[in-house]
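Engineer: with the sequence up front, the predicted model follows.
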Amino acid sequence: MKPLIVALIIVIPFGGMGQKFESAITHKIVPVFPDSIRRGHVKFIRTKTVSISTISTKELLGKINFEDYLWFGYRNDSVVYSLSGQYIESYSYSIPTNILTDIFSCKYDTSNNIIEEVARDNEGILLSRTIYKYDSLNNCIETTSYNKFTNKTNVETEERKQIDNGISEYVYTTDSVGKRKLMFIKDTELEKNKKTISSYSPDGNITYKIVEEVKGNTTYSIHNMISTDGKVIREESKKTRKKNKELTESIAGNTTYYSETILNDNGNVIQRHVNQFNKVKDLTNYVITFSYEYDSKGNYTRKTIYLDNKPILEINRVIGYYD
């Protein structure tokens, strides 16, 4: 499990032209600490999750959303960071046997762009290797993948063209025999507090369109996904952040989703209420609460998660510091 890898496919910062556009073709390592590490120069984090409930995973997933289950941070790994906060190596362990399963490492350039990812098994034998190249604006323009035999398996390249208020990205793939083909086209248009992202198939048919606009503390989003049979799947949502509370509301078809998340002064979630319903009935309706123990720097070392006031998971962390 690589908890810090995130797919940056539609994450585009607001602002004017000349800025860095996150690549459409690669996932990047987030160069910040996970799960509310607030203070201190962290050297490593050893995380272990323990079930403290008689409820089985199947029963638990019958009561809560799968996204929330993942969001708990169910992990068993050790992550090493550089002094500047870069994720440089991780060791993953099986649950519950605690046996080392794989090792993942990263290298960066002087602009903090990741230039290499390497995955190895528990004996240190190579599983895969990925190399990234960037242009002068630090946009990723090429991703090359290798298998455990060091054979090149795929090359993805990206070409950019300026359009009104934004940029158009053409993403190509080249297979192991050198055949190159267009994968998709993505247009990103930026206005003052608004961004519009449209993706097209190689034959020019639109596959999705996303519009996001920020008004004060609220972000409004409209997602239109086009299915293979041409049907439009529309989702409207808004997310509001006020002090230590975050509210999310979304409507997709006949289903409404609502969540309220409350954070403490350390930035850790202490309560999450989720209600998903349609015109007929509640689909899910639950409250999850969290309690914490902290170290001397204010970072948590133990998080206990409760469902219906009953403990279900305990996440323990050993944190080492440079200072």
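Structural biologist: Ah, there it is.

Engineer: switch to C-alpha atoms for all contacts and neighbour counts from now on
Structural biologist: Noted.

Engineer: tell me the secondary structure at residue 61.
Structural biologist: Of the three states, residue 61 takes helix under DSSP: H, G, I helix; E, B strand; the rest coil.

Engineer: who touches the helix or strand encompassing residue 117?
Structural biologist: Using DSSP states H and E, residue 117 falls within strand 114-121. For strand 114-121, the external contacting residues (C-alpha atoms under 8 Å, 6 or more residues apart in numbering) are 28-29, 101-109, 126-133.

Engineer: past it, which element shows up next along the chain?
Structural biologist: Past strand 114-121, the next helix or strand by DSSP H and E is strand 126-134.

Engineer: picking that back up, got the angle for the strand holding residue 117 vs strand 126-134?
Structural biologist: 170 degrees (axes from the mean of the first three to the mean of the last three C-alpha atoms, to 10 degrees).

Engineer: list the contacts of the residue lying closest to residue 245 once chain neighbours are set aside.
Structural biologist: Computed as C-alpha to C-alpha, 6 or more residues apart in numbering, the closest residue to residue 245 that is not its neighbour in sequence is residue 262, at 4.6 Å. Residues near residue 262 by C-alpha under 8 Å, 6+ apart: 244-246, 269-272.

Engineer: I'd like to know which of those residues are buried.
Structural biologist: Neighbour counting over these (16 or more other C-alpha atoms under 10 Å) leaves 246, 269-272 as the buried ones.

Engineer: any chance of the residues you listed in a markdown table, plus distance to residue 231 and secondary structure?
Structural biologist: A markdown table is the format used below for the buried ones among the contacts of residue 262 (distance: C-alpha to C-alpha, whole Å; DSSP: H, G, I helix; E, B strand; the rest coil):
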| residue | distance to residue 231 | secondary structure |
| --- | --- | --- |
| 246 | 32 | strand |
| 269 | 38 | strand |
| 270 | 40 | strand |
| 271 | 37 | strand |
| 272 | 34 | strand |
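
Engineer: and of the residues you listed, the nearest to residue 67?
Structural biologist: residue 272 (12.7 Å; C-alpha to C-alpha).

Engineer: before we move on, what SS does the residue lying closest to the closest one once chain neighbours are set aside have?
Structural biologist: Spatial nearest neighbour of residue 272, chain neighbours left out: residue 261 (4.5 Å); criterion: C-alpha to C-alpha, 6+ apart. Applying three-state DSSP to residue 261 yields a three-state assignment of strand.

Engineer: circling back: dump the buried ones among the contacts of residue 262 to TSV, plus distance to residue 78.
Structural biologist: Converted to TSV, these look like this (distance: C-alpha to C-alpha, whole Å):
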residue	distance to residue 78
246	30
269	22
270	24
271	27
272	27
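
Engineer: report the two of those separated the most.
Structural biologist: 246 and 270 (11.8 Å).

Engineer: what sits in contact with each of these two?
Structural biologist: 261-262.

Engineer: all helices of the protein, in order?
Structural biologist: If DSSP state H is used as the criterion, the helices of the chain fall at 57-63, 66-71.

Engineer: and the nearest residue to residue 199 once chain neighbours are set aside, how far from residue 172?
Structural biologist: Distance criterion C-alpha to C-alpha, 6+ apart; nearest residue to residue 199, sequence neighbours excluded, is residue 186 at 4.3 Å. Residue 186 sits 12 Å away from residue 172, going by C-alpha to C-alpha, to the nearest Å.

Engineer: how close does residue 300 get to residue 290?
Structural biologist: Distance, residue 300 to residue 290, using C-alpha to C-alpha: 12 Å.

Engineer: of the two, who's got more company?
Structural biologist: residue 300 (23 against 20; other C-alpha atoms under 10 Å).

Engineer: beta partners of that one?
Structural biologist: Assessed by DSSP bridges, residue 300 has beta-bridge partners residue 294.

Engineer: same check on residue 160?
Structural biologist: residue 169.

Engineer: now do residue 45
Structural biologist: residue 79, residue 319.

Engineer: now swap in residue 200 and tell me
Structural biologist: Beta-bridge partners, per DSSP bridges, of residue 200: residue 185, residue 206.

Engineer: quick one: it from residue 171, how far?
Structural biologist: In terms of C-alpha to C-alpha, residue 200 sits 11 Å off from residue 171.

Engineer: ok, now residue 270?
Structural biologist: 42 Å.

Engineer: same question, residue 197
Structural biologist: On the measure of C-alpha to C-alpha, residue 197 and residue 171 end up 15 Å apart.

Engineer: could I get stretch 159-171 in PDB with only the CA atoms?
Structural biologist: In PDB, the C-alpha atoms belonging to stretch 159-171 read as follows (Å, rounded to 0.1, in the frame of the first residue of the first chain):
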ATOM      1  CA  GLU A 159       2.100  17.900 -25.400                       C
ATOM      2  CA  ARG A 160       0.600  21.200 -24.400                       C
ATOM      3  CA  LYS A 161      -1.100  23.900 -26.500                       C
ATOM      4  CA  GLN A 162      -2.300  27.300 -25.400                       C
ATOM      5  CA  ILE A 163      -6.000  27.900 -25.600                       C
ATOM      6  CA  ASP A 164      -8.200  30.800 -24.400                       C
ATOM      7  CA  ASN A 165      -7.800  31.200 -20.600                       C
ATOM      8  CA  GLY A 166      -6.000  28.000 -20.300                       C
ATOM      9  CA  ILE A 167      -4.200  25.000 -21.800                       C
ATOM     10  CA  SER A 168      -4.900  21.900 -23.900                       C
ATOM     11  CA  GLU A 169      -3.000  18.700 -23.100                       C
ATOM     12  CA  TYR A 170      -2.600  15.800 -25.500                       C
ATOM     13  CA  VAL A 171      -1.500  12.600 -23.800                       C
END
